[in-house]
Every structure is written in structure tokens, then in C-alpha cells.
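Here you go, sequence then predicted model.
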Amino acid sequence: MRDLPLEKAKAQSETCSTLRCEVHISLTGLTLFLLRAWRQLTFGTYGYLNFTKPGFIEHSKNFKAEDMETRIDGKNCIVTGANSGIGFATAEGLASRGATIYMVCRNKERGEAAQSKIESTTGNQNVHLEVCNLSSLSDVKSFVGLQIANLKSYIFLSQVALTEKWAEMNKSKGIGFYSMHPGWAETAGVAKSLPSFFKALSGKLRTNDEGADTIIWLALQPKEKLVSGAFYFDRAEAPKHLMFAATSCSHEFIDSVIDSLRCISGISAQD
């Protein structure tokens, strides 16, 4: 009987420990919930004011027409997803300025139809189709193994952080890496994957040409005018992160992603 108070005290201690643990987890969950809510609010507000068609119209007041008049004859450009949407508008815009285009498409038939249309619209016959499913590692390895002479311009969608890292890794090689945001465009992909969003912003979304505008602008600018590793939006360098939204990644995390990509692709750290 004399041991009962001790056992009772022990039980109370365990209960308190459990309670403290539960409160700690609850506070952590609340913090994450509030952070997600803040991100959605700030990104949604910023996006509505800037990523929509009215945002493009407002920003275009600062555009210089001569920036888009450059000819890039003899330059080679790879454009992924080039059979529709922003990818098609990008390929068409670059082809109209004389570039040799390599359209990377998953579907051969749709790719051929897009290729024919671009050739007909621009009069540029240097438009080539490469069939590759970018979600297939074997397809990607096969594609990058192709020898394309004098390839100088690459149009890819890349994560901002990785672009920044690649710019740092290759700064001594004279290779530029740039990321951009096309804004919210009225594409088939958006209509299919985000139907409610697409319907709610009907009439306010950008056209494919408006979405492709900064991609084409980047490809036309001299390297000296751009900042390698920078993030661009509507023909201007833009902030990479939302204020107080904890969107920046640590160097350790990005390094781990780079290591994983090297492992998957079989590229050594010296390459």
C-alpha cells in the first residue's frame, strides 16, 4: 500500500509528458497551417494582380518594341511541350525570328501537326520534331544523347532554385541559366488540371502568346543584358520568394537534389 503514492505520482508524470507532447505537436501543426494559409493568400493576391491579363497589359507599358525585333538566324533552340499552349507559341515566336527549332513533343501526330503549322505560318523550314516523353527517364537519356551541332539556346522549364545553382556551378564556362514565370495563361493544360480556377478567372487569363512573351524575350537578349541565375517575369528581373513565406530552399537541400539528378543520369560531379 505504501507504494501507491509513488505509482500515482509516476502515472501523473507520464500523463503530463503526454500532454506536453500533444500540445507541442498541435502548435507545430497550427504553425504549418498558418504558413500554408499565408502562402496561399499572398501568392493568390500577388498572382491576381500580376499574373493575369490585366497584369500583363499594365506591365507591357514598360516594354520596348525593339527588344523583340532581333533576328536569331543560325541559333538553335529546343522547346519542350511545343505542340500546344505556351510551348507552341514559344516555338512559333522563335521560328518567326529565324531560329532553328527542335520541338520536343510526347505525341508524334500532334507534334507533326504543330510542326507543319509553324513552318506554314513563319515560312521557316528549319523546324524539327523530336519525340520524347519527358516523364520517361529512358526517353530523356536517349534524347540528350543526340548530337545537335552548335546548340546555343535552350528553352526549358526549370525550378528557380536549381537554375540559380546551375548558374553558380557553370559561371566560369560562359553558360547562362535563367528561369521565368509565364503568368496565368488560358491553356488546355490549365483547363484540364484546374477547371474551377480556369472557370473563375475566365476572361482574365493571359493568351498563349502573352505567356510565351518573356521566354522569347530572354532568348533574344544579349547575354550581357541578363543576369545568370536570375528569375524573370514580364521582361524584367523579379523577386524569387514571397515575403515571410519561407519559400527559399537551403543550400544543403539543393545540393541533395543535384546529387540525386547526377545519380539518376549517371553524370559525375566533375561533368
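Structure's in. What do you need?

the bottom helix or strand of the protein by mean pLDDT?
strand 153-155 (a mean of 40; mean pLDDT, DSSP states H and E).

Tell me the first helix or strand C-terminal of that strand.
Note on strand 153-155: by DSSP states H and E, the next helix or strand toward the C-terminus is helix 160-169.

list the helices and strands that following helix packs on?
Secondary-structure packing of helix 160-169 (3 or more C-beta pairs under 8 Å, 6 or more residues apart in numbering; DSSP states H and E): strand 179-181, helix 251-265. To be clear about C-beta, it is placed using only N, CA and C from the backbone, and glycine gets the same treatment.

if you set the cut-off to 7 Å instead, what comes out?
Where contact means 3 or more C-beta pairs under 7 Å, 6 or more residues apart in numbering; DSSP states H and E, helix 160-169 is packed against helix 251-265.

quick one: buried residues of the helix it packs on?
For helix 251-265, a neighbour-count test (16 or more other C-beta atoms under 10 Å) marks 254, 258 as buried.

how much does it deviate in direction from helix 160-169?
Interaxial angle, helix 251-265 versus helix 160-169 (axes from the mean of the first three to the mean of the last three C-alpha atoms, to 10 degrees): 80 degrees.

Please compute how far helix 251-265 lies from its chain's middle.
Offset of helix 251-265 from its chain centre (C-alpha atoms, centre = their mean, to the nearest Å): 17 Å.

Give me the contact list for the helix or strand in which H59 is found.
Here H59, judged by DSSP H and E, is contained in helix 53-59. Contacting residues not belonging to helix 53-59 are listed as 49, 183, 204-206, 210, 234 [C-beta atoms under 7 Å, 6 or more residues apart in numbering].

Could I get the full set of helices for the chain?
For the chain, the helices defined by DSSP state H occupy 4-50, 53-59, 85-95, 108-122, 137-144, 160-169, 188-193, 195-200, 208-220, 251-265.

most packed of those?
Mean neighbour count (mean count of other C-beta atoms under 10 Å) peaks for helix 85-95 among these, with a mean of 25.

for that helix, packing partners?
On a contact count with 3+ C-beta pairs under 7 Å, 6+ apart, helix 85-95 meets strand 76-80, strand 100-105, helix 108-122, helix 208-220.

Surely D73 and G98 touch.
Yes - taking contacts as C-beta atoms under 7 Å, D73 lies within contact range of G98: 3.5 Å.

ok, those two, which is more surrounded?
The neighbour comparison of D73 against G98 (other C-beta atoms under 10 Å) goes to G98, with 15 against 10.

For the more buried one, list the residues it contacts.
71-73, 124.

TSV please, covering those and showing pLDDT and distance to Q40.
Below are the contacts of G98 laid out as TSV (pLDDT from 0 to 100; distance: C-beta to C-beta, whole Å):
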residue	pLDDT	distance to Q40
R71	96	43
I72	95	39
D73	95	45
N124	97	43
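
any idea which of these is the one closest to R262?
Checking the contacts of G98 against R262 by C-beta to C-beta gives I72 as the nearest, at 31.4 Å.

What count of nearby residues applies to S60?
12.

Point out where the stretch 1-150 of the chain drops to low pLDDT.
Filtered on pLDDT under 70, the stretch 1-150 of the chain yields the residue ranges 1-26, 145-150.

Go again with 90.
For the stretch 1-150 of the chain, applying pLDDT under 90 flags the ranges 1-47, 74, 133-150.

Could you list which residues are in contact with the nearest residue to E119 once chain neighbours are set aside?
Closest residue to E119 apart from its sequence neighbours, by C-beta to C-beta, 6 or more residues apart in numbering: V127 at 5.2 Å. By C-beta under 7 Å, 6+ apart, V127 lies in contact with 95, 101, 103, 115, 118-119.

Report the beta-bridge partners for V127.
Beta-bridge pairing for V127 (DSSP bridges): I101.

measure it to W166 for me?
Look at V127 and W166: by C-beta to C-beta, to the nearest Å, they are 27 Å apart.
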